[in-house]
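Novice: Got a sequence here, can you build the structure:
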Amino acid sequence: RVVGEPRAEMRVSELAEEMATLNEDASALDSELLQVQREMLETMRSQLNVERERNKALSAKLATQPPPKKEPKEPSTRSEMTNVLKAIFGEYAEDGALSRRRWAKVCEDLGLGRRRRDIDMAFCETRRARLQSGRATNSLDFPMFLHALDAVLARDGRGLGAPRHLSRLEIYLASPDSACLRARAAAVLLDQPKLLATCGPDMLRAAAATVDATLSAECELLAHPAVLAVVEEHFFRLERLFDDRAADSRLSIDRATALLADCWVVPTFVSYASARRLAAVLVARDAHDDGDAFRHRLLPDILLDNIPHNSDHLRLSFLLFVELLGHLALRTMSGTNPQTRVRALFDWIKRTTLDAMSRDSRRVTPPGTDFS
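Specialist: All right, here's what the predicted structure looks like:
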């Protein structure tokens, strides 16, 4: 026993030295991981800043250029006019009809009606015409909506002297005054590519401009330090999710959408088609330095769902995948500021992935539920 005590003490000292060595190695590894994380976040921040500077340069370039000459436009075809107005009607209608209050909201948003009295009189004239046909109603269906638009345009004095084969509405939609209405319709039609394809090139260009402006505004919000701090907090979990499904450190658009479906982001908060389209927009923007080519050629094709499946040049890097999640959070989650929305989506992904690993439950409680 006396001989064994020095040996035991020697063994204890050896184990203590080994533990100290392991702790030093672990500290060095943690430092390396934190350094890699900081570098990737810095790269993301620089990419967002580059996009911001690119948008500022483009805005400055457009501001210095002389305005393009306005060429006379051909009036819209009846089918295009109908689709544009159906999009507006569907955006404001409640249960397939417009109340007086919703009709006034349409006119206010689109700049129709110089006086509130003209807006109310157009509504009443349309109801009176329906009463004379033997049908009483307090709201406007789509045919009555067209009649009310024609009435309010007449009271505004628009479309005077129009040819007999063209309606007052067709003349209005072909004029520069309808820019606000077309922009609103373009925003509504973004999730309806088949209907958007029937609305003509002007509407497609308006939709592309709407998407580009939305992306630029959201990039400004995602570059905020508070949002980047939320990304840093969930960085390793998102990286593991990405690496489990990535090939050569990149994800195809379909695999990225499948990953969102595994986390129940699709279709809980956004449709499969909308998520896939947004991913394609981000990849196309990131792969082309020429902003004009992206806006005028690639973006319209993507909005019409002309996206090749599993294309080698349409794949997301990890940083682009994180940006995709950020855009989805800003568009789908509720919150008073961008970091709250991003945190809500990341927490949702955390809960769904933990649920999938434990398999204790087949359902995940939506964000905002009290777990106490």
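Novice: Tell me which stretches of the stretch 151-300 of the chain form strands.
Specialist: With DSSP state E, counting those that start in this stretch as the criterion, the stretch 151-300 of the chain has strands at 251-252.
Novice: Show me where it has its helices.
Specialist: Ranges of helices in the stretch 151-300 of the chain, per DSSP state H, counting those that start in this stretch, are 168-173, 179-189, 193-197, 200-222, 225-233, 235-245, 253-262, 272-287, 291-293, 299-303.
Novice: And those: which comes nearest Ser317?
Specialist: Nearest to Ser317, of all the helices of the stretch 151-300 of the chain, is helix 272-287, at 7.9 Å by CB to CB. For glycine as for every other residue, the C-beta is placed from the backbone atoms N, C-alpha and C.
Novice: Quick one: low-confidence residue ranges for the stretch 51-200 of the chain.
Specialist: The stretch 51-200 of the chain contains residues with pLDDT under 70 at 62-63, 65-78, 132-136, 158-166.
Novice: Apologies, that question was intended for the stretch 251-372 of the chain.
Specialist: Residue ranges of the stretch 251-372 of the chain with pLDDT under 70: 288-298, 307-313, 355-372.
Novice: circling back: dump the helices of the stretch 151-300 of the chain to a markdown table, plus distance to Gln47 and mean neighbour count.
Specialist: Converted to a markdown table, the helices of the stretch 151-300 of the chain look like this (distance: least, CB to CB, whole Å; neighbours: other CB atoms under 10 Å):
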| stretch | distance to Gln47 | mean neighbour count |
| --- | --- | --- |
| helix 168-173 | 40 | 21 |
| helix 179-189 | 26 | 20 |
| helix 193-197 | 28 | 17 |
| helix 200-222 | 9 | 18 |
| helix 225-233 | 12 | 16 |
| helix 235-245 | 16 | 15 |
| helix 253-262 | 17 | 20 |
| helix 272-287 | 8 | 20 |
| helix 291-293 | 15 | 12 |
| helix 299-303 | 19 | 21 |
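Novice: Which among the ones you listed is found nearest to Arg116?
Specialist: helix 179-189 (18.1 Å).
Novice: Now do the closest one and helix 200-222, the angle between them.
Specialist: Angle, helix 179-189 to helix 200-222, by axes from the mean of the first three to the mean of the last three CA atoms, to 10 degrees: 70 degrees.
Novice: Contacts only, for Asp141.
Specialist: By CB atoms under 8 Å, 6 or more residues apart in numbering, the contact set of Asp141 is 96-97.
Novice: And for the one 5 residues further on?
Specialist: Going by CB under 8 Å, 6+ apart, Leu146 touches 85, 169.
Novice: Over to Leu149?
Specialist: Each residue near Leu149 by CB under 8 Å, 6+ apart is listed here: 85, 112, 122, 169.
Novice: Any chance of those in JSON lines with secondary structure and distance to Val231 as columns?
Specialist: Formatted as JSON lines, the contacts of Leu149 follow (DSSP: H, G, I helix; E, B strand; the rest coil; distance: CB to CB, whole Å):
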{"residue": "Leu85", "secondary structure": "helix", "distance to Val231": "42"}
{"residue": "Leu112", "secondary structure": "coil", "distance to Val231": "43"}
{"residue": "Ala122", "secondary structure": "helix", "distance to Val231": "50"}
{"residue": "Leu169", "secondary structure": "helix", "distance to Val231": "48"}
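Novice: how about those, which pair is most distant?
Specialist: Leu85 and Ala122 (14.9 Å).
Novice: With neighbour numbers in mind, choose between these two.
Specialist: Remark: of Leu85 and Ala122, Ala122 carries more neighbours, 24 against 18, as counted by other CB atoms under 10 Å.
Novice: Wait, that one touches Met144, no?
Specialist: No - contact criterion CB atoms under 8 Å: Ala122 and Met144 do not qualify, at 10.6 Å.
Novice: for the contacts of Leu149, which one is nearest Ile253?
Specialist: Minimum distance to Ile253 across the contacts of Leu149 is 33.2 Å, recorded for Leu85 (CB to CB).
Novice: surely that closest one meets His147?
Specialist: No - Leu85 is beyond contact range of His147, at 11.6 Å (criterion: CB under 8 Å).
Novice: Setting aside sequence neighbours, what's the nearest residue to Asn49?
Specialist: Counting by CB to CB, 6 or more residues apart in numbering, Asn49 lies nearest to Ala223, which is 6.5 Å off, once chain neighbours are set aside.
Novice: Also Met40?
Specialist: Closest to Met40 by CB to CB, 6+ apart is Leu319, at 6.8 Å.
Novice: so what's the backbone phi/psi at that neighbour?
Specialist: Note on Leu319: backbone dihedrals following degrees, to the nearest 10 are phi -60, psi -40.
Novice: measure it to Ala329 for me?
Specialist: Distance, Leu319 to Ala329, using CB to CB, to the nearest Å: 16 Å.
Novice: Neighbour count: those two, which is higher?
Specialist: The neighbour comparison of Leu319 against Ala329 (other CB under 10 Å) goes to Ala329, with 28 against 18.
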